[in-house]
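> With the input below, show me the fold.
(one chain, ligands or ions: 1)
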Amino acid sequence: MLSTKLVVGNWKMHGRLSDNAALLAAIAAGLPPGDAVRVGVCVPFPYLAQAQAVLAATPIQWGAQDVSAHLQGAYTGEVSASMAAEFGATFALIGHSERRTCHAECDDAVAAKTLRALDAGLTPVVCVGETDAQREAGLTEAVVGAQLRAVLAALSAEQVARIVVAYEPVWAIGSGKSASVAQAQQVHAFLRSVLAETSAAAAGVALLYGGSVNPDNAAELFGAADIDGGLIGGASLKAADFLAVCAAACA
Ligand code: PGA
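Sure, this is the predicted structure:
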């Protein structure tokens, strides 16, 4: 378990320059003092420059929500990891379930994107999670284990130590129906054991929980033994809610 928790906002496809400025300023102003919690926001690509300009003088880090599996070249519409890095990004979400579902991202693509992010000096936040049907069928560990192992198999031990893993049950994302603490902890403990198979250092990789985290359930979730923080969607778009989640991570 990390001593300092990590809370990362995932804005998804939300934002406007004026709204972003107000949101980022409010978060920066209300952040818990000191280094009691590490905070990041993953913004749409066009807003990386704005995040850099507004947050550079604050402890808040920023990142992208995806990167290309390719280094550069004729890939119209894609954005490379090194481009995000040029705007000072720290994080890149990789393999979010919305990417896996809407853009047919397979485990191989997720592994390739993780490598591109690492090569560019970014911290990949590798997302794994099962659907409702998979959980009902008793396949949760098989699904998230396969998703994580596909990434680990492509990385060296040194690289594994530089990733963050986010467990996001697909049924909990944006549904208002978070996993219970017991459900989340059980999967986190399993993911921790899968990481530990690769190296001792890997067992220390930060494991975030994501899926309907809000000010009411954050403290309880973050209190679980293997939950090192959260990946926050809807609640990251309202300064008061995001700050309350960050405060819960300091408890
Ligand atoms: P949510 O989204 O907090 O709105 O459920 C989490 C995510 O998709 O990262």
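
> Please report how far Gly34 lies from Thr4.
10 Å (C-beta to C-beta, to the nearest Å). For glycine as for every other residue, the C-beta is placed from the backbone atoms N, C-alpha and C.

> the more surrounded of those two?
Thr4 (14 against 9; other C-beta atoms under 10 Å).

> Would you confirm that that one contacts Pro32?
No - shown here, Thr4 and Pro32 do not form a contact pair, counting by C-beta atoms under 8 Å, at 11.1 Å.

> Just give the number of residues close to Val39.
Val39 - counted by other C-beta under 10 Å - has 27 other residues nearby.

> Tell me the secondary structure at it.
strand (DSSP: H, G, I helix; E, B strand; the rest coil).

> Against Val125, how distant is Ile173?
14 Å.

> who's more crowded, those two?
Val125 (29 against 22).

> wait, what's in contact with Ala89?
Leu48, Trp62, Gly63, Ala64, Leu122 (C-beta atoms under 8 Å, 6 or more residues apart in numbering).

> Give me the spatial nearest neighbour of it, chain neighbours excluded.
Gly63 (4.7 Å; C-beta to C-beta, 6 or more residues apart in numbering).

> Quick check, pLDDT for the residue in the stretch 1-150 of the chain positioned nearest to the ligand.
Taking C-beta to the nearest ligand atom, the ligand has its nearest neighbour within the stretch 1-150 of the chain at Asn10, 4.0 Å off. Listed pLDDT for Asn10 reads 98.

> where exactly do the strands run in the stretch 101-250 of the chain?
123-128, 164-167, 207-210, 229-232 (DSSP state E, counting those that start in this stretch).

> got the CA positions of stretch 206-213 in PDB?
This file holds the C-alpha atoms of stretch 206-213, laid out as PDB (Å, rounded to 0.1, in the frame of the first residue of the first chain):
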ATOM      1  CA  ALA A 206       0.000   1.900  -7.300                       C
ATOM      2  CA  LEU A 207      -3.400   0.300  -7.700                       C
ATOM      3  CA  LEU A 208      -6.200   2.700  -8.300                       C
ATOM      4  CA  TYR A 209      -9.900   2.000  -8.000                       C
ATOM      5  CA  GLY A 210     -12.300   3.600 -10.500                       C
ATOM      6  CA  GLY A 211     -16.000   3.500 -11.100                       C
ATOM      7  CA  SER A 212     -18.500   5.900  -9.500                       C
ATOM      8  CA  VAL A 213     -16.100   7.100  -6.800                       C
END
